[in-house]
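K.L.:
could you look at this predicted model? Sequence included:
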Amino acid sequence: MKKILVIEDEIAINDLICMNLEIAGYAPTPFLDGAEVSRHLQEDDAYDLALLDMMLPGKDGFALLEEMQKHRIPVICLTAKGDLPSKVKGLKSGAEDYIVKPFEMLELLVRMDNVLKRFCKEEPEEIHIKDVVINERKRTVQKDGVDISMQPMEYDCLMAFWKYRNRVMTRDQLLNMLWGVDFEGESRTIDVHVANIRKKLDFFDVIITVPRVGYRMEASECT
């Protein structure tokens, strides 16, 4: 389980981020004060990623960025400071990404996933969901040891559900992840892919329909 530092002085935002990270399968450690983070890192710096607000009491985010580099902890800046000079300063100071508030949690999770792929050891290449085995490196899917033919978009949709399992995902969010924000097709296209995945893998009790919203993959079925 990836350990994530959540450094944000607004309690409500900190709590919301931590709650969503736990649902997504991460182990968040919250901090409200920059100086407290600095002291903590002297005792424990075994973290895979830091989500760092730039305007903090005790010690600001720009000062902490330098310390994070010394401890080899990659950083995503989360801040209300959306002006270009602040972004440039943050990225030049060592941040891997810079997200301006307000932001959507799904966007944050996708960006976290991209940074973690660059810095962390690869996850086991095999994913087990009930009697289905997915090999990420080979992009293959087997059910009861039998190869299942899947279209590229069906496979990508399946992997999106797995990466953000136990989270409700809207059709528009899935479309943006699979086709990009410029996709102008019908959002019900997702329904077709989901129907195919359910039928091929017997995932009727794994990928759950959330009425009037979208879908959710049950994390209890995944290993």
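P.N.:
It's in.
K.L.:
in this protein, which helix or strand is least confident?
P.N.:
Evaluated with mean pLDDT, DSSP states H and E, the helix-and-strand set of the chain has its lowest mean pLDDT in helix 84-92, which scores a mean of 79.
K.L.:
residues contacting that one, please?
P.N.:
Helix 84-92 is touched from outside by 54, 61, 62, 65, 77, 79, 98, with contacts defined as C-beta atoms under 8 Å, 6 or more residues apart in numbering. The C-beta positions use only the backbone N, C-alpha and C, and glycine is treated the same way.
K.L.:
so among those, where is pLDDT lowest?
P.N.:
Sorting the contacts of helix 84-92 by pLDDT puts residue 79 at the bottom of the list (83).
K.L.:
thinking again about what came up before, which positions in the least confident helix or strand of the chain come out as buried?
P.N.:
Using 16 or more other C-beta atoms under 10 Å as the test for burial, helix 84-92 gives 86, 87, 89, 90.
K.L.:
quick one: mean pLDDT for the longest helix along the chain?
P.N.:
As assigned by DSSP state H, the longest helix anywhere in the chain is helix 105-119. In this model, helix 105-119 has an average pLDDT of 89.
K.L.:
with stretch 133-140 instead?
P.N.:
Confidence for stretch 133-140, expressed as mean pLDDT, is 90.
K.L.:
ends of it, what's the gap?
P.N.:
8 Å (C-alpha to C-alpha, to the nearest Å).
K.L.:
report the buried residues of it.
P.N.:
Along stretch 133-140, these residues count as buried under the neighbour rule (16+ other C-beta under 10 Å): 133, 134.
K.L.:
packing partners of the helix or strand residue 78 falls within?
P.N.:
Using DSSP states H and E, residue 78 maps to strand 75-79. With contacts defined as 3 or more C-beta pairs under 8 Å, 6 or more residues apart in numbering; DSSP states H and E, the packing partners of strand 75-79 are strand 49-53, helix 61-70, helix 84-92, strand 97-100, helix 105-119.
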